[in-house]
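Visitor: build me a structure from this.
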Amino acid sequence: MAIRNIRVIGDSILTKKSKEITEVTPKLKTLIEDMLDTMYDAEGVGLAAPQIGILKRLVVIDVSPEGDSPIILINPEILETDGEQTGEEGCLSVPGKSGVVTRPNYAKVKAFNEKMEEIIVEGNELLARALCHEIDHLNGELYVDKVVGGLHSTAEREE
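Guide: Here you go, the predicted structure:
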């Protein structure tokens with residue numbers, strides 16, 4: 001499909017709350033494909049619609065090592081969390097930076113899939129982190145507001 005431009009920190013759209021999706025249209029199906037293409041192209045594990053300038057409650061996630069198990073979440077809602085994990089987190093909308101963030105170690109999310117069928121997604125560790133991170137985007141929140149000790153360059157971490 002198409003690679004979309006990823007909005008970066010400072011863009012006001014990233015601080016706005018997204019609107020619910022009421023139906024799956026051909027335009028929405030194209031948006032889902034474009035979001036997956038954009039996420040894979042940027043080598044990310046998740047992408048929320050506001051990150052490409054669309055204020056819709058839509059998230060795509062793929063934490064599989066092969067990058068072949070995408071999760072599509074329409075109107076996701078966190079039902080339950082448990083435990084705690086603290087670790088490095090980055091974001092496609094905050095390029096070249098990362099920071100230490102504490103998130104739940106388990107998350108249970110209710111959403112709709114691309115056929116508007118209700119689904120439940122449960123995840124631990126990286127998937128739990130991705131679910132919480134991407135749903136934050138739908139509420140106009142960025143991980144940088146949760147960072148402990150400040151952001152640092154990802155290049156510094158690789159040296």
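Visitor: all strands of this structure, in order?
Guide: Ranges of strands within the chain are 46-48, 58-61, 71-82, 85-90, 97-103, 106-112, 118-124, 148-153, based on DSSP state E.
Visitor: how far away from the center of its chain is the second one?
Guide: Distance of strand 58-61 from the chain centroid (CA atoms, centre = their mean, to the nearest Å) equals 6 Å.
Visitor: same deal with stretch 100-111?
Guide: Going by CA atoms, centre = their mean, the spacing between the C-alpha centre of stretch 100-111 and its chain's C-alpha centre is 11 Å.
Visitor: which residues touch the biggest helix by length in the chain?
Guide: In terms of residue count, the longest helix belonging to the chain (DSSP state H) is helix 26-41. By CB atoms under 8 Å, 6 or more residues apart in numbering, the list of residues contacting helix 26-41 from outside reads 1-4, 6, 21, 45-47, 49, 52, 54, 56, 58, 60, 62, 67, 70, 72, 92, 114. For the C-beta atoms, the positions are set from N, CA and C on the backbone; glycine is no exception.
Visitor: residue contacts, the residue nearest to residue 9 when sequence neighbours are not counted?
Guide: Distances taken as CB to CB, 6 or more residues apart in numbering place residue 94 nearest to residue 9, at 5.0 Å, with adjacent residues excluded. Residue 94 sits next to 8, 9, 142, 143, 144, 151 when contact means CB under 8 Å, 6+ apart.
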